[in-house]
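Asker: Requesting a structural model of the entry that follows:
(one chain, ligands or ions: 2)
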Amino acid sequence: MAILFITHDMGVVAEIADRVVVMFRGKAVETARAYELFSAAKHPYTKGLLSCRPRPDRTLRRLPTVSDFMQINTNSDGEQEIIAKPLEIQDDARWEEISSDERFQRFEQLTHQPPLLSVRNLIKSFPVRTGLFGRKSEFRAVDDVSFDIFPGETLGLVGESGCGKSTLSRALLRLIEPTSGQIFFDDKEVLGLNASQLRHLRREMQIVFQNPYSSMDPRQTIGSALIEPMQIHKIGASNQERHRRAVSLLDRVGLPASAMNRARTNFPAVNGNASALLALWCYSRASLFAMNLSPHSTFLCRLRC
Ligand SMILES: Nc1ncnc2c1ncn2[C@@H]1O[C@H](COP(=O)(O)OP(=O)(O)O)[C@@H](O)[C@H]1O
Ligand SMILES: [Mg+2]
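Answerer: Ligands and ions are numbered 1, 2, ... in the order given. Coordinates of the predicted model:
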């Protein structure tokens with residue numbers, strides 16, 4: 001038996017593969033034994049891919065991307081070629097590290113504030129029927145969970161599939177009603193809010209789903225997807241101002257104003273666009289809860305417009 005293992009997860013490749021073929025835009029750009037690839041990658045795309053992985057022992061001020069290592073030029077025959085960027089470009093301030101002292105200080109500062117979100121003993125049970133006669137019982141998808149998130153902090157919530165991450169995130173927003181426990185957001189007890197108070201809270205706390213391509217309405221234009229929540233939450237004095245804000249959001253994620261009139265189906269599904277759309281989704285809310293940014297983690301954050 002032999003296995004062809006297809007993935008973008010370089011960590012898993014390092015663990016299980018004997019040999020690796022790296023593809024870029026339909027071409028195999030590098031083939032190497034796994035240990036050679038990870039110790040001395042040759043192709044700029046592979047070097048970029050390897051550097052894009054966050055490392056626990058070293059935090060850069062900005063995570064490198066493939067475009068720090070290569071650019072694509074069109075030659076005189078109209079063909080695209082990959083050019084490695086010179087090393088001196090790679091040696092600039094982008095590679096500046098955040099020291100462990102600085103990280104420690106930031107953590108101290110963050111956790112000395114009152115928490116923005118406090119979750120206490122949260123339980124969510126679902127009714128289920130078990131046994132031959134379908135006896136009613138309950139299944140605890142979230143069982144007595146407590147944690148705090150401080151203003152400016154990003155909390156990673158991780159666990160195997162089915163451990164309760166999505167149920168917990170939905171319960172925080174009361175998209176499903178928690179069975180018991182307490183949730184405080186900005187000192188307000190979320191479980192005690194009535195419908196109109198809850199609407200106000202949802203202006204402050206929202207979910208961004210993992211895949212912007214499936215979470216955005218395919219027929220809606222990007223412009224209307226941005227303006228609609230502003231109308232609902234009464235952000236901006238007029239539609240003209242909301243339009244101006246939407247254009248400035250597009251600009252912040254590197255998309256042109258012309259994107260306002262395009263539906264998300266008119267965006268080619270390449271990674272750059274996916275991240276721009278996701279960032280746009282994030283920016284488009286006054287503050288947010290973003291969840292499931294990567295398949296194995298749930299990511300909670302608060303951003304300000
Ligand atoms: N509406 C529901 N009714 C019954 N069980 C549910 C319901 N929603 C989720 N569950 C169960 O709760 C558990 C946690 O699910 P989920 O929160 O989606 O996990 P995760 O997001 O960590 O993969 C799973 O066993 C799932 O089957
Ligand atoms: Mg989930």
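Asker: can you list the weak-confidence ranges in the stretch 1-150 of the chain?
Answerer: Residues of the stretch 1-150 of the chain meeting the criterion pLDDT under 70: 87-94.
Asker: For it, what lies in contact range of ligand 1?
Answerer: Neighbours of ligand 1 within the stretch 1-150 of the chain, by C-beta under 6 Å from any ligand atom: 126, 139, 141. C-beta here means a position set from N, CA and C on the backbone, and glycine is covered the same way.
Asker: what do you get if the cut-off is 5 Å, keeping everything else the same?
Answerer: 126, 141 (C-beta under 5 Å from any ligand atom).
Asker: where do the strands sit along the stretch 1-150 of the chain?
Answerer: Taking DSSP state E, counting those that start in this stretch, the strands of the stretch 1-150 of the chain run over residues 19-24, 27-33, 59-60, 70-74, 80-84, 97-98, 117-130, 135-149.
Asker: How about residues contacting the third one?
Answerer: Read that as strand 59-60. For strand 59-60, the external contacting residues (C-beta atoms under 8 Å, 6 or more residues apart in numbering) are 94-98, 103.
Asker: Which of the residues you listed sits closest to Arg62?
Answerer: Comparing those against Arg62 with C-beta to C-beta places Arg94 closest, at 5.5 Å.
Asker: What's the local residue count around the closest residue to ligand 2 within the chain?
Answerer: As assessed by C-beta to the ion, ligand 2 sits closest to Ser166 within the chain, at 3.2 Å. Ser166: 19 surrounding residues under other C-beta atoms under 10 Å.
Asker: For the helix or strand harbouring it, what is the distance to the chain centroid?
Answerer: Here Ser166 is covered by helix 165-172, with elements defined by DSSP states H and E. Relative to its chain's centre, helix 165-172 lies at 16 Å (C-alpha atoms, centre = their mean, to the nearest Å).
Asker: same check, this time on stretch 218-236
Answerer: Put simply, stretch 218-236 sits 21 Å off its chain's centre (C-alpha atoms, centre = their mean).
Asker: Just the terminal-to-terminal distance for that stretch.
Answerer: End-to-end span of stretch 218-236 (C-alpha to C-alpha, to the nearest Å): 25 Å.
Asker: That stretch: which residues count as buried?
Answerer: 221-223, 225-227, 229-230, 233, 235-236 (16 or more other C-beta atoms under 10 Å).
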